[in-house]
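>>> Mind looking at a prediction? Sequence and model below.
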Amino acid sequence: MKTNLPLALSQGDPAGIGPEIALKAWSRRDETGIAPFVYLGDPRILQARAAMLELDVPVQVCAPEAACDTFHAALPVFAIDAATPVAPGKPDPATAAGTIAAIETGVKLTQRGKTAALVTNPIAKSVLYSSGFGFPGHTEFLAELARRETGTQYRPVMMLACPALRVVPVTIHIPLSDVPAALDQALIIETIRITARDLAERFAIKAPRLAVAGLNPHAGEQGTIGREDEEIVRPALDTLRAEGIDVVGPLPADTMFHASARARYDAAICMYHDQALIPVKTLGFEQGVNATLGLPFVRTSPDHGTAFDIAERGIADPRSLEEALKLAAALSGGKQDR
């Protein structure tokens, strides 16, 4: 990790488990070896959640520059007003402005060299939409914030990682019925180029090996179970191989994720959301991390949602956040840890 720079951790939706897992991650810092982070959010919410859950976590408002020195004794917070009282498990559109401000602040701090990387706690898009949020999700918003900071347009790519597997979905949050029409050679080529580049540059994998799942059962079986794999996926992979990228496929997705198959590649490229996320969440649900490729800064996130249903119960597991913090620290220093 960059010397003497903390990670930035955005609050996510304050009615969810974000405050709880941040508190627990700090409490376990010596046990887990996580890097120092500064929490971007309302310190009063953290203090109230700590009291409710009987967690002995001192909270200290400070500038990012003081976070590393503060971290051993208190959880550092860069204060962002929530604007309204927050009840765990009860999302409120009135908190949307603070949630958005925390993300914006995290990008600015990281882009301007005040923090080493950005880790984002889960948001509830429905809550943000009710306040006029105009992006499909976190990732697209981050790309826009990066554009505002740099003047350059970025194409973000979502990667999910656990110790046993890395996956990249080509299409993400669209209905399954829309996937075939959304797939084209240009989208597949661009997604794989970005994946190969970031695996080499950030994960220190000199020559990334990529395995590509077909869209259809049996990867279309030479066109007898759908033509997309022969007419769209295979030509895209031919183009990438001609560029020197080590890519194989299209492969039947049902035989790509057992242990001996996983040993043959560094990341799996999948055609749609669940084709990618089911195997990675099955193999490492508690340790899964969402990492955004293609941005000019490192961004990771826990691989779970806001969990409003358990936000009052004190049972939220901080391990995915801890893994996100570890990966962000490793990637921002040019080293890989998974």
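Arrived safely, thanks for sending. Worth saying up front: this structure is predicted, and the values here are computed from it rather than measured.

>>> contacting residues for Gly137?
Lys125, His173 (Cβ atoms under 8 Å, 6 or more residues apart in numbering). All C-beta atoms are positioned from the backbone trio N, CA, C, and that covers glycine.

>>> in this structure, which helix or strand is least confident?
Among the helices and strands of the chain, helix 125-129 carries the lowest confidence by mean pLDDT, DSSP states H and E, at a mean of 90.

>>> just checking, what packs against that helix?
helix 96-111 (3 or more Cβ pairs under 8 Å, 6 or more residues apart in numbering; DSSP states H and E).

>>> got the buried residues for the helix it packs on?
Going by neighbour count (16 or more other Cβ atoms under 10 Å), the buried part of helix 96-111 is 96-111.

>>> what are the ranges of the helices in the stretch 51-200 of the chain?
Using DSSP state H, counting those that start in this stretch, the helices of the stretch 51-200 of the chain run over 67-70, 96-111, 125-129, 138-150, 179-182, 185-201.

>>> deepest of those, which one?
Among the helices of the stretch 51-200 of the chain, ranked by average contacts under mean count of other Cβ atoms under 10 Å, first place goes to helix 96-111 (a mean of 22).

>>> for that one, the distance to its chain's centre please.
15 Å (Cα atoms, centre = their mean, to the nearest Å).

>>> same check, this time on stretch 33-51
So, by Cα atoms, centre = their mean, the centroid of stretch 33-51 is 19 Å from its chain's centroid.

>>> Next: stretch 84-98.
With Cα atoms, centre = their mean, you get 22 Å for stretch 84-98.

>>> Over stretch 157-166, what's the mean pLDDT, rounded is fine.
Averaging pLDDT along stretch 157-166 yields 95.

>>> Which residue ranges of the stretch 201-338 of the chain form helices?
Using DSSP H, counting those that start in this stretch, helices in the stretch 201-338 of the chain cover 228, 234-242, 259-262, 273-284, 319-332.

>>> most centrally placed residue in this protein?
Nearest to the mean C-alpha position of the chain, counting by Cα atoms, centre = their mean, stands Asn290 at 2.7 Å.

>>> who touches it in this structure?
Contact analysis of Asn290 by Cβ under 8 Å, 6+ apart lists Met158, Met159, Leu160, Thr300, Ser301, Pro302, Asp303, Ala324.

>>> try 10 Å this time
119-120, 122, 138-139, 158-161, 277, 280, 299-304, 320, 324, 327 (Cβ atoms under 10 Å, 6 or more residues apart in numbering).

>>> re earlier: relative to Pro6, tell me which of the helices of the stretch 201-338 of the chain wins on proximity.
For the helices of the stretch 201-338 of the chain, proximity to Pro6 was assessed by Cβ to Cβ; helix 319-332 is nearest, at 9.6 Å.

>>> quick check: angle from that closest one to helix 185-201?
Taking axes from the mean of the first three to the mean of the last three Cα atoms, to 10 degrees, helix 319-332 and helix 185-201 form an angle of 80 degrees between their directions.

>>> got the CA coordinates for helix 319-332 in PDB?
Presented in PDB, the C-alpha positions along helix 319-332 are these (Å, rounded to 0.1, in the frame of the first residue of the first chain):
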ATOM      1  CA  ARG A 319     -15.200 -10.900   6.700                       C
ATOM      2  CA  SER A 320     -16.100  -9.800   3.200                       C
ATOM      3  CA  LEU A 321     -15.400  -6.200   4.200                       C
ATOM      4  CA  GLU A 322     -12.100  -7.200   5.700                       C
ATOM      5  CA  GLU A 323     -11.200  -9.000   2.500                       C
ATOM      6  CA  ALA A 324     -12.200  -6.000   0.500                       C
ATOM      7  CA  LEU A 325      -9.900  -3.800   2.600                       C
ATOM      8  CA  LYS A 326      -7.000  -6.300   2.300                       C
ATOM      9  CA  LEU A 327      -7.400  -6.500  -1.500                       C
ATOM     10  CA  ALA A 328      -7.600  -2.700  -1.900                       C
ATOM     11  CA  ALA A 329      -4.400  -2.300   0.200                       C
ATOM     12  CA  ALA A 330      -2.600  -4.900  -1.900                       C
ATOM     13  CA  LEU A 331      -3.800  -3.500  -5.300                       C
ATOM     14  CA  SER A 332      -3.000   0.100  -4.400                       C
END
